[in-house]
Every structure is written in C-alpha cells, then in structure tokens.
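1. give me the fold of what follows.
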Amino acid sequence: MAVIARNLGISESGLRRWVAWADVDEGKKKGVLSEGLVELVWLCRENRVLSTENEILKCAAACFVWGKVLLIQNNLDFLLHFSRQSASLGVVRFGREVRIE
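-> Residues are numbered from 1 along each chain as shown. From the prediction side, this is the model:
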C-alpha cells in the first residue's frame, strides 16, 4: 500500500482512509456512506449559516425596538417641553379645545 500511495503522491494513511470509504460505499463494511457524509457536512454548514442569520435578525429586531423606544421617549420629551412652554404662555388645553387666558 505504501508504494501505491507514493505513486499517487499521497500519504499512506490517506490512501487507507479512501480504501475504507470505498469498502463502506460498496457494502463490504458497515458505516456511513460517502453520500451521507456529504449531506451531513452540508446540513451542518447550513445549520451554522441559519443560526448566524437568526442571531443577526434578533439583534436587528432589538435595535428596531430600541429605536422605537428612543423615538417615543424623544416625542414624550418634546411634548412635555411644549406643554411646559404653553403653560408659561397662558395656553390651557382641554381635550381638543385650546383656550388662551
């Protein structure tokens, strides 16, 4: 086996691994087929990508909510400031009606 590996330009352990995979694929030995390994690798990679995308979306949603909170807070601050200014000018608000005293 060492001579064949040298002729192919690969390590002997690499050639042994290929032979073992070929035996499994041909049904000579029990194990996971090469197709199954390829699918497993693809599924693991896909799972990693989806998990990363999910984390990004969670962060984006949190930023969106935090932005809304800040926007509401800024609007409340503005309304509070405006109502204080209006009161100092003698403007009184009753529901939709505005009276100037």
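
2. the nearest residue to residue 8 once chain neighbours are set aside: what's it in contact with?
-> Using C-beta to C-beta, 6 or more residues apart in numbering and skipping residues adjacent in sequence, the residue nearest residue 8 is residue 15, 6.8 Å away. The way it works is simple: take the backbone N, C-alpha and C, and place the C-beta from them, glycine included. Residue 15 is in contact with 1, 4-5, 8, counting by C-beta atoms under 8 Å, 6 or more residues apart in numbering.

3. which SS class is residue 28?
-> The three-state label for residue 28, taken from DSSP: H, G, I helix; E, B strand; the rest coil, comes out as coil.

4. and it, backbone torsions?
-> The phi/psi pair for residue 28 (degrees, to the nearest 10) reads phi -70, psi -30.

5. 50 is where my numbering starts, stick with that
-> Got it, the first residue is 50 from now on, which makes the last one we talked about residue 77.

6. tell me the spacing between it and residue 65.
-> 14 Å (C-beta to C-beta, to the nearest Å).

7. show me the shaky parts of this protein.
-> 118-120, 122-150 (pLDDT under 70).

8. just the strands in it please.
-> For the chain, the strands defined by DSSP state E cover 140-143, 146-149.

9. show me what contacts residue 70?
-> Counting by C-beta under 8 Å, 6+ apart, residue 70 makes contact with residue 83.
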